[in-house]
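[1] dropping the sequence and predicted coords here.
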Amino acid sequence: MYRVIDKRRVSCDAIELRAVFFGDETIPTVTGNTAGLKPSHHKALERTFHRRVLPSEVLGVELARHLCWVSHEIGRQLGVLLNRSGHVEQVFVGEATRIYLPDVGRERAGLSHLRSLRHVHTVFDGGLAQDDLADLTKLRLDLVCAVNVTATGEPGAIDYAYPVPPHGDALPYRREGCRSVRELTLDFAALMQALEEELARTRGGRQATARMRSVVVGVYPDRATAAWRVDELRELAATAGVEVADVLVQLRRQIDGKYVLGRGKLEEVVLRCLDLDASLVIVDHNLSPAQARAIAAFSELKVIDRTQLILDIFAQHAKSRDGKLQVELAQLRYTLPRLTDLDAGLSRLTGGIGGRGPGETKLEINRRRARDRISRLERQIETLSRQRALRREQRQRGHLPIVSIVGYTNAGKSTLLNRLTASDAYVADQLFATLDPLSRRLRFPREQEAIITDTVGFIRDLPADLMKAFRATLEELDTADLLLHVVDIADPMREEKAAAVLAVLHDLQLDAIPRVTVYNKADLVEPREASLLAHKSDSVAVSAHSGVGLGRLVSLVAHRLWQSEALAEDDDWAEEARREIFGERHVEPPSEPIG
């Protein structure tokens with residue numbers, strides 16, 4: 001009895017019966033390196049689908065003999081995928097030295113269970129390869145098994161591995177072996193049941209959290225640089241609402257041109273993500289479009305770089321219309337060169353006279369729309385920039401000097417503004433809490449006033465797209481008469497971060513504006529350390545939280561603005577400034593930790 005399927009005559013065997021009674025519409029076919037095989041070899045390979053093992057068996061004796069005999073005949077490795085019922089779902093042929101696993105679907109089976117497939121293949125004088133172990137963890141397979149083919153075509157030694165729940169730095173799999181298939185007494189069904197229960201217990205808590213889990217990776221020249229940059233990236237991730245499950249660092253002088261990390265390190269990152277149920281990889285570098293695509297294709301995970309993380313934080317914190325427009329502009333500028341035609345089916349014909357032929361693809365339409373949107377946003381931001389310039393002119397007509405607060409993000413700039421002007425600007429212990437410029441009137445003793453402005457915080461390697469988009473905000477610094485450079489004195493990397501701020505000021509051509517260094521959070525360090533830093537030229541140590549040292553700061557600012565005869569160290573003038581800031585009801589803080 002025969003039936004015609006896809007112009008081929010297939011005998012009515014177990015495969016056809018299964019198609020008839022269970023409604024299967026596709027007949028399994030052998031895939032892989034089948035070129036050059038004889039018709040008898042093809043028939044032998046097709047008969048592999050007839051084999052079946054018991055649910056409790058890893059590999060039956062009959063299937064092992066059949067695989068080894070066929071592999072010996074064709075001189076190539078032969079592999080199968082078995083489901084938990086013991087049926088052969090796929091048969092594929094490799095080369096003499098390696099075999100390629102067919103596509104089993106990019107989606108993982110789930111966070112708390114495996115894929116319910118095991119990979120068994122033959123080898124010639126060897127065991128499991130590194131690719132087998134990577135497939136085991138990456139694809140969430142039940143088990144991988146390598147069967148040695150002897151010189152006579154019989155099954156020899158067996159090497160197999162299966163996943164285990166993650167535990168510290170231990171390997172995510174257990175590898176075992178035996179000398180022959182008859183010694184393989186592992187109860188496969190019981191093993192899978194125990195594994196599923198254990199994985200459900202260990203990962204149940206992770207599913208309850210709504211925060212996205214991520215793994216942070218980076219390439220650094222030395223450990224000291226890696227330490228503080230990783231800490232900063234952790235803060236960025238926490239501000240964005242992302243949970244950092246692990247950090248993987250590679251020490252090398254230059255990054256890899258394609259994958260940033262070395263290929264071997266990237267494989268380790270992928271395995272670690274699967275072990276920790278992390279769906280996001282954060283790279284502490286600004287990735288090129290080609291690098292981002294290469295890493296995403298290799299890992300099959302969502303990959304973002306440092307710029308994308310910062311843009312996401314800005315999108316969350318933007319409150320004003322100006323800030324939202326600038327964030328959208330920066331995101332579009334970042335995304336435009338990264339638009340790729342991932343689906344040829346997206347191509348559409350424009351139609352009509354002059355529009356026949358290949359027409360305009362969906363990719364080109366998206367790029368054109370992005371460019372049009374960028375142009376509209378630039379015009380709107382330019383309008384808002386002119387309105388802000390008019391307000392600056394009005395302030396300048398009053399002949400009031402302008403003091404701008406600059407500094408590394410989360411150094412305490414907004415807290416200092418609130419303390420000096422009795423304002424209620426938003427303050428939070430997170431990066432980039434302030435995006436929009438905020439101006440307030442600062443009153444000095446002896447009937448003197450100035451405008452003090454808080455701006456967006458700086459960060460190392462500030463993305464160029466971000467600098468262009470926020471140029472309207474940073475224009476507030478152009479008309480400043482004095483800059484207050486706020487430095488977190490309790491930060492062990494304060495010198496590096498201060499240098500990063502000065503580099504940004506240099507890029508903005510603002511380094512010629514007079515500057516006063518304000519070492520904030522002086523109450524968190526030893527008084528002697530704060531005193532030594534405060535004795536530097538144009539420097540003062542303060543605590544915006546407790547108010548320590550603010551009188552001396554106001555005295556120093558007044559001296560720089562009006563060249564007052566009262567010097568910054570004039571105690572009477574500083575006391576008068578303190579009373580002006582806090583009022584008579586202020587409780588006297590502890591003695592200031594500066595000389």
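    Good, I have the coordinates.

[2] residues in contact with the most centrally placed residue in the chain?
    Geometric centre of the chain, nearest residue: residue 282, 1.9 Å, by Cα atoms, centre = their mean. Counting by Cβ atoms under 8 Å, 6 or more residues apart in numbering, residue 282 touches 214-217, 233, 237, 242, 244, 304-306, 309. C-beta coordinates here come from the backbone N, C-alpha and C atoms, glycine included.

[3] Throw these into TSV and include neighbour count, thanks.
    Formatted as TSV, the contacts of residue 282 follow (neighbours: other Cβ atoms under 10 Å):
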residue	neighbour count
214	25
215	23
216	25
217	27
233	20
237	22
242	21
244	20
304	19
305	22
306	22
309	23
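
[4] of those residues, which belong to helices?
    Per DSSP state H, helices hold the following members of those: 233, 237, 306, 309.

[5] residue ranges for the helices of the stretch 1-150 of the chain, please.
    With helices called from DSSP state H, counting those that start in this stretch, the stretch 1-150 of the chain shows them at 14-22, 39-46, 61-74, 130-138.

[6] nearest to residue 29, of those?
    Taking Cβ to Cβ, helix 39-46 is the member of the helices of the stretch 1-150 of the chain nearest to residue 29, at 8.1 Å.

[7] which strands and helices sit next to that closest one?
    strand 30-32, helix 61-74, strand 88-93 (3 or more Cβ pairs under 8 Å, 6 or more residues apart in numbering; DSSP states H and E).

[8] and the shortest one, which strands flank it?
    It stands for strand 30-32. strand 88-93 (parallel) (DSSP bridges).

[9] hang on, the earlier thing: sheet-wise, list the partners of the helix or strand encompassing the residue nearest to the centre of the chain with their directions.
    Element membership of residue 282 [criterion: DSSP states H and E] is strand 280-283. Using DSSP bridges, strand 280-283 pairs in its sheet with strand 212-220 (parallel), strand 302-305 (parallel).

[10] mean confidence for the helix or strand following it?
    Using DSSP H and E, the helix or strand that directly follows strand 280-283 along the chain is helix 289-299. For helix 289-299, the mean per-residue pLDDT is 85.

[11] quick one, helix 289-299 and strand 212-220 angle?
    120 degrees (axes from the mean of the first three to the mean of the last three Cα atoms, to 10 degrees).

[12] for helix 289-299, buried residues please.
    291-292, 294-295, 298-299 (16 or more other Cβ atoms under 10 Å).

[13] for residue 443, state which of those is nearest.
    residue 292 (50.7 Å).

[14] can you show me the CA trace of stretch 233-244 as CSV?
    Coordinates of each C-alpha in stretch 233-244 appear next as CSV, following Å, rounded to 0.1, in the frame of the first residue of the first chain:
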residue,chain,number,x,y,z
LEU,A,233,26.9,50.4,35.8
ARG,A,234,25.2,48.7,38.7
GLU,A,235,23.9,52.1,39.8
LEU,A,236,22.6,52.8,36.3
ALA,A,237,20.8,49.5,36.1
ALA,A,238,19.3,50.0,39.6
THR,A,239,18.1,53.4,38.6
ALA,A,240,16.5,51.9,35.4
GLY,A,241,14.7,49.3,37.5
VAL,A,242,16.8,46.3,36.3
GLU,A,243,18.1,43.6,38.6
VAL,A,244,21.8,42.7,38.1
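
[15] who's in contact with it?
    Contacts of stretch 233-244 with the rest of the structure, by Cβ under 8 Å, 6+ apart, involve 209, 211-216, 218, 247, 280, 282, 284, 306, 309-310, 312-313, 316, 410, 430-432.

[16] just the buried residues of those.
    213-216, 218, 247, 280, 282, 284, 306, 309-310, 312-313, 410, 431-432.

[17] run the chain-centre distance for stretch 243-250.
    10 Å (Cα atoms, centre = their mean, to the nearest Å).

[18] quick check: residue 186 is in a strand.
    No: counting by DSSP: H, G, I helix; E, B strand; the rest coil, residue 186 falls outside a strand, being coil.

[19] OK, contacts around the nearest residue to it once chain neighbours are set aside?
    Nearest residue to residue 186, sequence neighbours excluded (Cβ to Cβ, 6 or more residues apart in numbering): residue 58, at 5.4 Å. The contact partners of residue 58, by Cβ under 8 Å, 6+ apart, come to 118, 120, 143, 145, 160, 184, 186, 188.

[20] show me the helices in the stretch 301-450 of the chain, by range?
    306-317, 321-335, 362-397, 413-421.

[21] can you check the stretch 451-595 of the chain too?
    464-469, 471-474, 494-507, 527-534, 550-562, 571-582.

[22] what mean pLDDT does the longest one have?
    Read it as helix 494-507. 87.

[23] just the last one next, same as before
    Regarding helix 571-582, the rounded mean pLDDT is 50.

[24] now swap in the second one and tell me
    For helix 471-474, mean pLDDT rounds to 64.

[25] and if you look at stretch 179-187?
    Stretch 179-187 comes out at a mean pLDDT of 90.

[26] could you pull out the buried residues of it?
    Applying 16+ other Cβ under 10 Å to stretch 179-187 flags 181, 184, 186 as buried.

[27] check the gap between the first one and residue 517 for me.
    When distance is defined by Cβ to Cβ, to the nearest Å, residue 181 is 75 Å away from residue 517.

[28] wait, residue 411 sits on residue 520?
    Yes: if you go by Cβ atoms under 8 Å, residue 411 and residue 520 touch, sitting 6.1 Å apart.

[29] shared neighbours of those two, anything?
    By Cβ under 8 Å, 6+ apart, the residues touching both residue 411 and residue 520 are 486-488.

[30] redo those residues as a markdown table? Include distance to residue 479 and neighbour count.
    Shown next, in a markdown table, are the shared contacts of residue 411 and residue 520 (distance: Cβ to Cβ, whole Å; neighbours: other Cβ atoms under 10 Å):
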| residue | distance to residue 479 | neighbour count |
| --- | --- | --- |
| 486 | 19 | 29 |
| 487 | 23 | 23 |
| 488 | 27 | 20 |
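
[31] and those, which is closest to residue 51?
    residue 488 (67.8 Å).

[32] isn't that closest one up against residue 497?
    Yes: in terms of Cβ under 8 Å, residue 488 counts as a neighbour of residue 497; the distance is 7.4 Å.
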